[in-house]
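K.L.:
Predicted model and sequence follow; I will ask about them next.
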Amino acid sequence: MTKIAKLFRGRKLWVGFLMAFLPLLLTLVLQFFWLRRLERTSEIADKAILKNFLEAVTTEVLYAYGPVAERTLDVPSANFTRDQLERSAATFRRSQVEGVKVLFVVRFEQDDEGTVLFYDPRTESMEPPPPSDEARAVTVACAPWRLMNDNGIEIDSPRLKVEERDPENRIILNPILDETSRVVGVAGMVLDTAWFRDHLLPATVKALIPRFFEGENTGVVVSVRDERGHLRFATDPPRADREDASRPFSFVFTDWRISVRGGTMTPEQWARTSFAFNMGLSLLAGILLTRVMFLALRTAAQEMKLSRMKSDFVSNVSHELRTPLASIRVFGELLHLGRVRAPEKVQEYGEYIETESRRLTQLIENILDFAKIEAGQKTYTYEIADIGELLDATLHTFEMRLRHEGFALTCERAAGEDLRARVDRAALGQAFHNLLDNAVNYSGEARRIDVSAHRDGNAIVVSVRDFGIGIPRDEQEKIFDRFHRVGTGLVHDVRGSGLGLSIVHHVAAAHGGRVTVASEPGRGSTFSIRLPAWDAAPAEATRAGEPAETPPRAEGEACPRS
Ligand code: ADP
């Protein structure tokens, strides 16, 4: 079973998780649809901004020419007689116009050719034009009006007209009417295309870009193409493959088109990117939240388990203390009152009292040690010791119990091996004791324990093997956790505190070593403590002021046997 599946074995946690997770999932789904909608809206909005921008540019161009032309070309109709036409110079002189090549007036006369006069700003007078492109353009532009004059056609109200047949000499005309609404002439201006392209367009575009775009979109590119599609103006080299919006000019230069490309991304790309970004952000937040929820639930599960284990611990320990104490009291009383006389019974009860007292001492020692470890106050006093001797000493304290319970102990040790290590005798002795105690407790019907101590390269390995109930594979890591007891099978028959192995683990780690287990349910377990050998780390020990050499064990030294 996977860890997660195990975590949710309790239904309550499942419900808790689903209650927190389902709203989160719903929020994410809603967020998805909302962002999809937002994506479409923002795409449309972005396009609208680009279109509005183009409209603003063309409107500015209209205002740059329209009102100026109205003012400048407002020549009194009284001037349009043969003698008075030159007086039009006074009107032109007053007005300051930019972007105009020529200001002119044309008087139509039914019985003669009429008169064309160009304003000369240097002499501030009206002069007949020399043959030129401008003069020809004026003649062409005036032809329809001349025709109207010839035919005596009346028109309602004069309005500015734009004549763009010659693209290099575009003309704005103001038809002049007499009191009978007949066209008697025109006042006009020939526009300077270069000024439009080089001054008016750049200035207008430059002024409007900051008003429409900011941040991401300041990279917009504006370009203008003429009637033949030739590029006439661009804020940056334009890219042929992309134009987000485009439109013609509205008053003059109506055959030119202005286009705009928004930022580095098209509105579609922008909308898609922002959708992806927002959705990604939401998903990330969702994942983080799920993770936090999961961690919170796991912590809750762990806390629940820990508190359950603690209460088990309290009841187990009370039992462990109470039962032997009761027996000790009864046997003590019997001995004290002299009710037991037979020497073998006295010896038996005495032995029992001794063994049980040892067990109690060991249990209390475990509890005190555990408290110190938990509080971070456990200290170790190291000295060089022969691990074999230490193991013998521990086995010795077990002799009686093993004998009583009918265990056969084998102790294997290769002769002549240097088993010295830098250890805290008491702590390591207690670790050995805990392993042996477990071997006895969890042997079930089996009555055999093998103990060995030997060198493995730079390490000394002490193993305790039993042939008892064994430990399921998925429990083998957890048994070193404090309070943890395997919750299945024959373990229930054995009372315990759940502290022994966690202390062994701590002691081994404090010695720079580790404890491992190999076990198979029903076939027994082998616990091994691996410690660095003294001769593998001489520098450290010398520093600690210990002797650098101690003679190795004498060959063939025996282990105590039961
Ligand atoms: P306890 O006081 O319960 O023995 P320990 O920390 O010593 O506490 O051991 C933790 C658990 O590991 C035990 O409750 C038992 O389930 C399991 N265990 C330890 N040693 C053995 C062993 N030799 N054989 C089978 N199970 C063992």
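P.N.:
Looks like it came in fine. From a predicted model like this one, the values you see are computed outputs, not experimental measurements. Residues are numbered from 1 along each chain as shown.
K.L.:
CA atoms for contacts and neighbours, from now on please.
P.N.:
Will do.
K.L.:
Make sure Arg455 is indeed in a helix.
P.N.:
No - per DSSP: H, G, I helix; E, B strand; the rest coil, Arg455 lies outside any helix segment and is strand.
K.L.:
Beta-bridge partners for it, please?
P.N.:
Judged by DSSP bridges, the bridge partners of Arg455 are Ile460.
K.L.:
show me where pLDDT drops low in the chain?
P.N.:
By pLDDT under 70, the weakly predicted segments of the chain are 1-13, 111-113, 215-218, 238-242, 263-271, 488-493, 537-562.
K.L.:
got the residues of it near the ligand?
P.N.:
With Cα under 6 Å from any ligand atom as the criterion, the chain meets the ligand at residues 438-439, 442, 469-471, 479, 484-486, 491, 496-502, 525.
K.L.:
Next step: those residues restricted to strands.
P.N.:
Among the residues of the chain next to the ligand, the members falling in strands (DSSP state E) are Ser525.
K.L.:
Doesn't Asp156 belong to a strand?
P.N.:
No - counting by three-state DSSP, Asp156 is not found in a strand; it is coil.
K.L.:
Please list all residues in contact with it.
P.N.:
Shown in contact with Asp156 (Cα atoms under 8 Å, 6 or more residues apart in numbering): Ser181.
K.L.:
Can you give me the distance of it to the ligand?
P.N.:
Asp156 sits at a distance of 111 Å from the ligand (criterion: Cα to the nearest ligand atom, to the nearest Å).
K.L.:
Same question for Pro131.
P.N.:
Remark: distance between Pro131 and the ligand (Cα to the nearest ligand atom) = 116 Å.
K.L.:
helix, strand or coil for that residue?
P.N.:
At Pro131 the chain is in coil, as set by three-state DSSP.
K.L.:
can you list the domain ranges for this protein.
P.N.:
3-67+267-302, 73-191, 380-558 (automatic domain parsing).
K.L.:
Give me the neighbour count for the nearest residue to Ile153 once chain neighbours are set aside.
P.N.:
Among residues not flanking Ile153 along the chain, Arg182 sits closest, at 6.2 Å (Cα to Cα, 6 or more residues apart in numbering). By the criterion of other Cα atoms under 10 Å, Arg182 has 20 neighbours.
K.L.:
for Arg182, which residues make a bridge with it?
P.N.:
Beta-bridge partners of Arg182, as defined by DSSP bridges: Glu154.
K.L.:
need the contact list for Val260.
P.N.:
50, 54, 220-223, 243-246.
K.L.:
May I have the strands that pair with the strand or helix carrying it, each with its orientation?
P.N.:
Assessed by DSSP states H and E, Val260 sits inside strand 257-261. Strand 257-261 has the following strand partners under DSSP bridges: strand 221-225 (antiparallel), strand 245-248 (antiparallel).
K.L.:
Just the angle for whichever helix or strand comes after that strand relative to strand 257-261, thanks.
P.N.:
Downstream of strand 257-261, the next assigned helix or strand under DSSP H and E is helix 267-336. In terms of direction (axes from the mean of the first three to the mean of the last three Cα atoms, to 10 degrees), helix 267-336 departs from strand 257-261 by 10 degrees.
K.L.:
quick one: buried residues of the very next helix or strand once past helix 267-336?
P.N.:
Scanning forward in sequence from helix 267-336 by DSSP H and E, the next helix or strand is helix 343-374. Judged by neighbour count using 16 or more other Cα atoms under 10 Å, the buried positions of helix 343-374 are 346, 349, 352-353, 355-356, 359-360, 362-363, 366-367, 369-370, 373.
K.L.:
Could you report the neighbour count for the nearest residue to Arg447 once chain neighbours are set aside?
P.N.:
Nearest residue to Arg447 in three dimensions, chain neighbours excluded: Phe407, at 4.5 Å (Cα to Cα, 6+ apart). A count of nearby residues for Phe407, using other Cα under 10 Å, gives 17.
K.L.:
Make residue 1 into 233 and carry on from there
P.N.:
Will do, 233 is the new start, and the previous item becomes Phe639.
K.L.:
Help me confirm that Phe639 comes into contact with Ile681.
P.N.:
Yes - taking contacts as Cα atoms under 8 Å, Phe639 lies within contact range of Ile681: 7.1 Å.
K.L.:
you'd agree Thr642 is in a helix?
P.N.:
No - the assignment for Thr642, made by three-state DSSP, is strand rather than a helix.
K.L.:
List the contacts of it.
P.N.:
If you count contacts by Cα under 8 Å, 6+ apart, then Thr642 has 680-683, 793 around it.
K.L.:
what about burial for those residues, which qualify?
P.N.:
680-683.
K.L.:
and which of the residues you listed is nearest the ligand?
P.N.:
Ile681 (9.9 Å; Cα to the nearest ligand atom).
K.L.:
contacting residues around the strand or helix carrying that closest one?
P.N.:
Using DSSP H and E, Ile681 falls within strand 680-688. Contact with strand 680-688 is made by 619-620, 639-646, 649-651, 671-672, 692-699, as judged by Cα under 8 Å, 6+ apart.
K.L.:
Of those residues, select the buried ones using a ChimeraX command.
P.N.:
Here is the ChimeraX command that picks out the buried ones among the contacts of strand 680-688, judged by 16+ other Cα under 10 Å:
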select :619,620,639,641,642,643,645,649,650,651,671,672,692,693,694,695,696,697,698,699
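K.L.:
circling back: could you tell me which residues make contact with the residue nearest to Ile385?
P.N.:
381, 384-387.
K.L.:
Scan those residues and report the most crowded one.
P.N.:
Busiest of the contacts of Arg414 [other Cα under 10 Å] is Asn381, holding 20 neighbours.
K.L.:
Which secondary structure element is home to it?
P.N.:
Going by DSSP H and E, Asn381 is part of helix 365-382.
K.L.:
What strands line up against whichever helix or strand comes after that helix, and which way round?
P.N.:
As assigned by DSSP H and E, the chain's next helix or strand after helix 365-382 is strand 393-395. Sheet pairing of strand 393-395 (DSSP bridges) gives strand 403-409 (antiparallel).
K.L.:
From Ala508, how far out is the spatially most central residue of the chain?
P.N.:
Closest residue to the average C-alpha location of the chain: Leu516 at 6.1 Å, with Cα atoms, centre = their mean. Using Cα to Cα, to the nearest Å, we find Leu516 at a distance of 12 Å from Ala508.
K.L.:
now do Ser274
P.N.:
Distance of Ser274 to Ala508, given as Cα to Cα: 13 Å.
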